[in-house]
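Sharing a sequence plus its predicted fold:
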Amino acid sequence: MRRILILMLLLMPLWAQAASFQVNPVRLTLSADRSTDVLRVINSSDTPTVVQLQIVAWSQEDGKDVYTPSRNLLATPPIFTIAPGNRQVVRVGMRTKPDAKQETCYRLFLTEVPPVPTPGFRGVQIALRVGIPVFVEPAMDTEPALKWSAKRLTATELQVSAVNIGNAHAQILKWILKAHDRTQPLAQVSSNYVLPGAQHAWTLKLASPLTVGAPLEITADTDRGTLHAQLVLGK
């Protein structure tokens, strides 16, 4: 019996502890006319949750997100405890004037501060971290402008790139690539931000070869509507 008990203890999984909170809305937009906004953080767990805030400037290099410390925005309270089932209002505001011509981009990270482990706890504590985009609009009108291109890497592999030459972000919810001589889409990709002045590239594997010079069509669903682009496969 003792051997069975020891074996059961050895086979028991290491449990992970994590609280749970929800954030609404999932994106903020500020401007000179609306210099502050609020988030609501709800504790959906059965234990108190401690949340810490951090604001960083958000840019993109080589298709990757880059975060740097910034004091251009203020989020308060910087750290707080939410009782089970309760909510906390977080106020986010501008500390500097908006850029004159281009949207500036930030992320507000809400990070759970793990509690002290209970006696006898065996496992890993998981700290939830949520990043909320915060966009600050300039005084002039903003509009993303995506310039698409495609090049062949191998006979059955190609790279599609989107460069945002506009002055505002583009959130690509989904895009579909089609060839004019094929009835079925070549690929379907989802969920990427392309910030102003940045680019993103996707590498796609095809089921069958595609020749250089083949005409292609992209249909992209974005947060500002559906976009269409005609392009030719390069090399």
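Here it is on my side, so go on. Numbering: from 1, shown residues only.

going forward, measure contacts and count neighbours with C-alpha atoms only.
Noted.

show me the contacts for the closest residue to residue 139 other than its chain neighbours.
In space, residue 139 comes closest to residue 100 once its chain neighbours are excluded; the distance is 6.1 Å by C-alpha to C-alpha, 6 or more residues apart in numbering. Residue 100 sits next to 138, 139, 140 when contact means C-alpha atoms under 8 Å, 6 or more residues apart in numbering.

Outline the domain layout of this structure.
17-136, 146-232 (automatic domain parsing).

got these as JSON lines, with mean pLDDT columns?
Output for those, formatted as JSON lines (pLDDT from 0 to 100):
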{"stretch": "domain 17-136", "mean pLDDT": "90"}
{"stretch": "domain 146-232", "mean pLDDT": "91"}
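
and residue 37, what is it in contact with?
Counted by C-alpha under 8 Å, 6+ apart, residue 37 has contacts 28, 29, 30, 91, 92, 93.

So of those residues, which two are at opposite extremes in space?
29 and 91 (12.7 Å; C-alpha to C-alpha).

May I ask which of the contacts of residue 100 has the most neighbours?
Counting neighbours by other C-alpha atoms under 10 Å, residue 138 leads the contacts of residue 100 with 20 neighbours.

quick one: it from residue 33, how far?
According to C-alpha to C-alpha, to the nearest Å, residue 138 stands 10 Å off from residue 33.

Show me which strand runs longest in this structure.
Scanning the chain for the longest strand, with DSSP state E as the assignment, gives strand 49-61.

What residues sit buried inside that strand?
Residues of strand 49-61 classed as buried by neighbour count (16 or more other C-alpha atoms under 10 Å): 49, 50, 51, 52, 53, 54, 55, 56, 57, 58, 59, 60.

is it possible to export these to TSV including distance to residue 78?
Below are these laid out as TSV (distance: C-alpha to C-alpha, whole Å):
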residue	distance to residue 78
49	14
50	11
51	8
52	6
53	5
54	7
55	10
56	13
57	17
58	19
59	23
60	26
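
Out of those, which comes closest to residue 186?
Relative to residue 186, the closest of these is residue 60; by C-alpha to C-alpha it sits at 27.0 Å.

Would you mind confirming that the closest one is in contact with residue 193?
No. Counting by C-alpha atoms under 8 Å, residue 193 is not a contact partner of residue 60; they are 9.5 Å apart.

Helices of this structure, residue ranges please.
Listed in chain order, the helices of the chain (DSSP state H) span residues 2-11.

thinking again about what came up before, from the buried residues of strand 49-61, which is closest to residue 185?
The closest of the buried residues of strand 49-61, once distances to residue 185 are taken by C-alpha to C-alpha, is residue 60, at 28.6 Å.

and the closest one, what does it touch?
66, 194, 195, 198, 199.

sorry, back to before: can you lay out the contacts of residue 100 as JSON lines showing pLDDT?
As requested, the contacts of residue 100 are exported to JSON lines (pLDDT from 0 to 100):
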{"residue": "138", "pLDDT": "94"}
{"residue": "139", "pLDDT": "88"}
{"residue": "140", "pLDDT": "89"}
